[in-house]
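I would like the atomic coordinates for the input below:
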Amino acid sequence: MAKQNKTSIRRDITRRVNFSFGLIVLFALAIIGKAAHTQATKGAELRSKAHESFTRNDTIRPNRGNIYTEDGRVLSATIPKFDLKMDLSVIDKDTFNNYLDTISRALSKIFADGETAMAIKMRMRNAYQKELKYWTLKKNVPYYQYQEIRTLPIFSKSKNKGGFLAEPVMKRVNPYGMLGYRTIGLWRANAPNIGLENAYNEELTGKEGYRLMHYVGGQYVPIAGSEIEAEHGRDIVSTIDIEVQEVTHHALHEVMEKYECLQGTAIVMEVATGKIRAIANLGRHKDGKYIEDFNYAMIPSEPGSVFKLITLYALLEDGYTTIDGTVDCMGGIARFGRQTVRDDHRGLGRITVKEAFAQSSNVAFASLANIHYKNKPMQFIKHLQKLRLHMPSGIDLAGERKTLIKTPDHKHWNKVTSLPWIAYGYESMITPLHTCMVYNAVANNGKMMKPYLVSAIMDDGKLVKSIEPTVLVEQIGKPSTIKQLQQATRAVVEKGTAKAAQSPYYTAAGKTGTAQVHDVIDGVTYRYSDGVRQGSFVGYFPADNPKYTIAVVIRSKPHGVYYGAQLGVPVFKAIADKLYATKIGGWKLDIDSLGKQPTLHAKKAPSAQLQYLLQRMGEEVEVSHPTALLSQLVGGKGVKKKVEPVDVKESIVPDVAGMGVKEALFLLENAGLKVLLRGAGEVVEQSLPAGTKFKKGQTISLTLN
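Residues are numbered from 1 along each chain as shown. As a prediction, the model looks like this:
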C-alpha cells in the first residue's frame, strides 16, 4: 500500500514537471515568435531608433561676415577663437612618445597661462592611455595661438594621423563701441539684430554646415567623412566714415548735454551720391546719460520752420511769387478762423520773400499758402508728394516709420487751418532723413538722391556686388526754382537766423527750425503746452559747390533752450569744420608723389587699412590675413609689398607706439587693459613697456602727441 502511494506521488510530480516544462517551452516559443515578428515588421525602425540614440547631427556655425568702412576700417567683426580637441586613438604610439616632451614644453610656452609643461604632459598621457577620441586640450584659444600650434609635431599632421581637431568659437566685436550703434547695429545670437547687422543679415550670416556625431566611450565623436563645411558670410562695405561719425556723435552729445535735451539726431549725407557718412542718435535716460537707444533719424515728427523751404519750392514752381517778391508779415500776427499764427520776430511788415524766409516768418508762409492754394489744396500737396514726403526714404535700414502728408480727404483735415499750418511746419509728420533728402536735392541742383549706407558686398576680398548711387527724382523743379531756393538758404546764414553757421573758410546755406512738440517721449506724453520743443538746422556746404548736407534735429527738455540757432547750428558748424579740414580744404594726400618715393613706410594698423592704402597707391600687395587686427608692411620700393599680421600675445603688452588713438584703444581694451589718455593724436609713449606681462584690468597710460 505504501509502495503504491509512492508510485502515485512520483507520477503526479512527473506530470506536473512535464506540464510546467511544456508551459515554459510554449512561453519560450511565444517569445521567439514575437521577436521574429517584431524583427520582420519593425526591425528597420527599431534599428534606426537605436542608431539615433547614439548618433546626433551637429550644426557647424559659419563665420559671420565683417562690416568695414570704405577705407578699410573694421566697424563690426567676428573674431575667431578655437576649442582644441584631439582624437588620441589614431596617433601612433612611438610618434606620441617621441614628441610628448617637445609639444608639452611648446604648449606651455604658447598658452602662457600658468600650466606647466609637466602638467600638460600628464594630461596628454592619461588621455592617450584611455584612447579618448574627443579629448579637450584647450578652450577659447586665440587665432595666433592656434596658428603656432598647427606648426608643432603631431599637430601638423592630417586629422587621420595627428588627430587634431579645432572647433571655431566666434565672438562679435564692435571696435567703436556705441559710436553709430543704431546704424552699424548689433548682432546677438538669441535676440533681434539692429542696424546694418539686421538689414544685411542674410549676406553676413552665410550658410550652416553639418556633421554626424557618434556616442562612443561616454562622449560624442565626429564621424569621419560626414562633415559638410559651413559657408562663411560675406563682408559689407559701409558708406559710414568713422571720423565723421565720431565728430557728429560728439558734437550732438555736447549740445544735448549742455541743455539737458531729451533726444536728438544728426545726419551727414554726401550731396552728389546720397551716401550717408554719419548718423548719430542720442536719447537721454533717467540717470542723465545719453545713449543710442532709437534711430531718431527715421522717426517722423512735425518739422517746424525747416518745412518752409518746401512751401517756398511749391510757390516758386507754380510761379506765384519769386524770392524778390513781397509779402505782408502783418506785424507778426495773423488769424485763420479762430486760430492765430505768430512770429517770434514781432513787428515785421511788408518785406521780400527772401527776407521772410531768412527771418523765418510763420505769418508770411502761412499767408502765402492760404492766398494761393486755399481753393486748390491738392495742387500744393502734389508738390509735397513729388518730393516723396509721403513715401519711405528707401534707406537700407529696417524700422523706418511711416510719414504723414495730409490731403483734403484726411479725417482731420480742416478747411480753414490745415493748409496754412502745413505751410509753416505743422500737421505733417516727416522724418529728419526726409528733410535731409530735400535739402540735399536743392544742394545737388535739383537732383534727389536715395540715401544709402552700403556701397559694396565682398567675399574673401573679391567684389560680389557694387551698390551705385540711385537717383529718385531726376529734377525736382525748374532751374529757376532751384537757383532761388539756393539763394534763399544762403540768406539764412548770411543775414538771417543762422549767422552762427558762417565760416571764414567756406560758405554755408540752410534753414533753422523750431516746432512745439506733441508726442510721446520715453513713455511720457508731451503736449504743446508742456514746453517741449524741437530745434533744428538743415544745411549744406560749401554753398558755392556743395559737398555735404547736414541735418540736425534736437528735442529740448520742458521749457528749455529750443531755438534751431541754439541747438542745431552749433552741431552743424562743428561737423562742417571737421569735414572742411579733413575732406575739402585741408591737406590732401598726393598718392602719385608718394608712389615715387624710394621706400615706403607704414604704421602698424589693421590689415584691411594697409591693403586699401597700398591699392590706392597702385602697389601690388599680398595680404596673408585680411582680418588681422594688427598688421605691418613688409617690403620696400620695387618689390611686391606684403601685409603680415603682428604677433599679439595674450597677457603680453602690445607695442602701440605710433598708432592712432582708436587703433591703440581697440587693441589694448580687447587685450583686457584699462586705458588712460593724455593729449591727442598718435601714441608717443606707453606706461607699460611692450613685451611685458600684465594682469586683466591693469591700467596703462598713453601719452599722445
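
all helices for the stretch 151-300 of the chain, in order.
For the stretch 151-300 of the chain, helices defined by DSSP state H, counting those that start in this stretch occupy the ranges 159-162, 181-184, 195-199, 201-205, 242-259.

Phe357: which of these is closest?
Taking CB to CB, helix 242-259 is the member of these nearest to Phe357, at 24.5 Å. The way it works is simple: take the backbone N, C-alpha and C, and place the C-beta from them, glycine included.

where along the stretch 201-350 of the chain do the strands fall?
Along the stretch 201-350 of the chain, counting by DSSP state E, counting those that start in this stretch, strands occupy 209-216, 219-222, 235-238, 263-270, 276-284, 290-291, 326-328, 333-336, 339-342, 350-352.

Which residue is the nearest non-sequential neighbour of Gln698?
Nearest non-adjacent residue to Gln698, counting by CB to CB, 6 or more residues apart in numbering: Leu673, 5.9 Å away.

so how far is Leu397 from that neighbour?
Separation of Leu673 from Leu397 (CB to CB, to the nearest Å): 34 Å.

same thing with Leu88?
50 Å.

Of the two, give the one with the bigger neighbour count.
Leu397 (25 against 21; other CB atoms under 10 Å).

Now do the contacts for that one.
Counting by CB atoms under 8 Å, 6 or more residues apart in numbering, Leu397 touches 183, 195-196, 198-199, 295, 298, 453.

before we move on, the earlier item: with respect to burial, which of the helices of the stretch 151-300 of the chain scores highest?
Each of those was given a mean neighbour count from mean count of other CB atoms under 10 Å, and the largest, a mean of 24, is that of helix 181-184.

Just the CA trace of it, in PDB.
Below are the C-alpha coordinates for helix 181-184, written out as PDB (Å, rounded to 0.1, in the frame of the first residue of the first chain):
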ATOM      1  CA  TYR A 181      25.400 101.800 -32.600                       C
ATOM      2  CA  ARG A 182      21.900 102.200 -34.100                       C
ATOM      3  CA  THR A 183      23.300 102.400 -37.600                       C
ATOM      4  CA  ILE A 184      26.100  99.900 -37.700                       C
END
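
So what touches it?
Under CB under 8 Å, 6+ apart, the answer for helix 181-184 is 67, 75-76, 174, 176, 194-197, 238, 240, 276, 279, 281, 291-295, 397, 453.

distance between that helix and the chain's centre?
Relative to the chain's own centre, helix 181-184 is displaced by 4 Å; criterion: CA atoms, centre = their mean, to the nearest Å.

on that earlier part again, output the helices of the stretch 151-300 of the chain as JSON lines; include the columns mean pLDDT.
Below are those laid out as JSON lines (pLDDT from 0 to 100):
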{"stretch": "helix 159-162", "mean pLDDT": "80"}
{"stretch": "helix 181-184", "mean pLDDT": "83"}
{"stretch": "helix 195-199", "mean pLDDT": "88"}
{"stretch": "helix 201-205", "mean pLDDT": "87"}
{"stretch": "helix 242-259", "mean pLDDT": "93"}
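
Let me have these in JSON lines, adding distance to Ala508 as columns.
Formatted as JSON lines, the helices of the stretch 151-300 of the chain follow (distance: least, CB to CB, whole Å):
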{"stretch": "helix 159-162", "distance to Ala508": "64"}
{"stretch": "helix 181-184", "distance to Ala508": "25"}
{"stretch": "helix 195-199", "distance to Ala508": "30"}
{"stretch": "helix 201-205", "distance to Ala508": "38"}
{"stretch": "helix 242-259", "distance to Ala508": "15"}
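
In space, not sequence, find me the middle residue of this structure.
Per CA atoms, centre = their mean, the C-alpha nearest to the average position across the chain is that of Ile184, at 1.5 Å.

Spatially nearest residue to that residue (excluding sequence neighbours)?
Nearest non-adjacent residue to Ile184, counting by CB to CB, 6+ apart: Leu75, 4.9 Å away.

contacting residues around stretch 83-100?
Under the contact criterion CB under 8 Å, 6+ apart, stretch 83-100 has outside partners 121, 124-125, 127-128, 130-141, 146, 149, 153-154, 159-167, 169, 221.

how close does Met659 get to Lys478?
According to CB to CB, Met659 stands 53 Å off from Lys478.

out of these two, which sits in the more crowded spot?
Set side by side, Met659 and Lys478 show more neighbours around Met659, with 23 against 13, by other CB under 10 Å.

wouldn't the more buried one be in contact with Val683 here?
Yes - Met659 lies in contact with Val683 (CB atoms under 8 Å); the separation is 5.2 Å.

per the record, what domains does the chain have?
Domain ranges of the chain: 2-53, 60-238, 242-584, 591-704, per automatic domain parsing.

Deepest-packed of these, please.
Ranked by mean neighbour count, the domains of the chain are led by domain 242-584 with a mean of 20 (mean count of other CB under 10 Å).

related to what we said a few turns ago, keep only those of the contacts of stretch 83-100 that are in strands.
Judged by DSSP state E, these include 135-141, 164-167, 169, 221 as members of strands.

Save the strands of the stretch 201-350 of the chain as CSV, and put in mean pLDDT and distance to Asp460 too.
What follows is these, written out as CSV (pLDDT from 0 to 100; distance: least, CB to CB, whole Å):
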stretch, mean pLDDT, distance to Asp460
strand 209-216, 65, 17
strand 219-222, 60, 26
strand 235-238, 92, 8
strand 263-270, 96, 28
strand 276-284, 94, 26
strand 290-291, 91, 35
strand 326-328, 96, 62
strand 333-336, 94, 64
strand 339-342, 93, 61
strand 350-352, 96, 61
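
Ok, which of those comes nearest Leu668?
With CB to CB, the closest approach to Leu668 among those belongs to strand 290-291: 23.4 Å.

Please name every helix or strand in contact with that closest one.
Packing partners of strand 290-291 (3 or more CB pairs under 8 Å, 6 or more residues apart in numbering; DSSP states H and E): helix 242-259, strand 276-284.

got a list of contacts for that strand?
By CB under 8 Å, 6+ apart, the surrounding residues in contact with strand 290-291 are 178, 181, 253, 256-257, 282-285.

again with stretch 559-573
Residues from elsewhere that reach stretch 559-573, judged by CB under 8 Å, 6+ apart: 248, 251-252, 255, 259-261, 264, 266, 304-306, 497-498, 500-501, 503, 508, 510, 512-514, 531, 533-539, 550, 552-554, 556.

hang on, the earlier thing: what is the nearest of the ones in strands among the contacts of stretch 83-100 to Ala369?
Of all the ones in strands among the contacts of stretch 83-100, Ala369 sits closest to Val169, with 62.0 Å by CB to CB.

where's the dip in pLDDT among the ones in strands among the contacts of stretch 83-100?
Note: of those, the lowest pLDDT belongs to Val221, at 62.

Roughly how far does the closest residue to Met458 other than its chain neighbours sit from Val173?
The spatial neighbour of Met458 that comes closest, neighbours along the chain excluded (CB to CB, 6+ apart), is Asp235 at 4.3 Å. Applying CB to CB, the value for Asp235 to Val173 is 14 Å.
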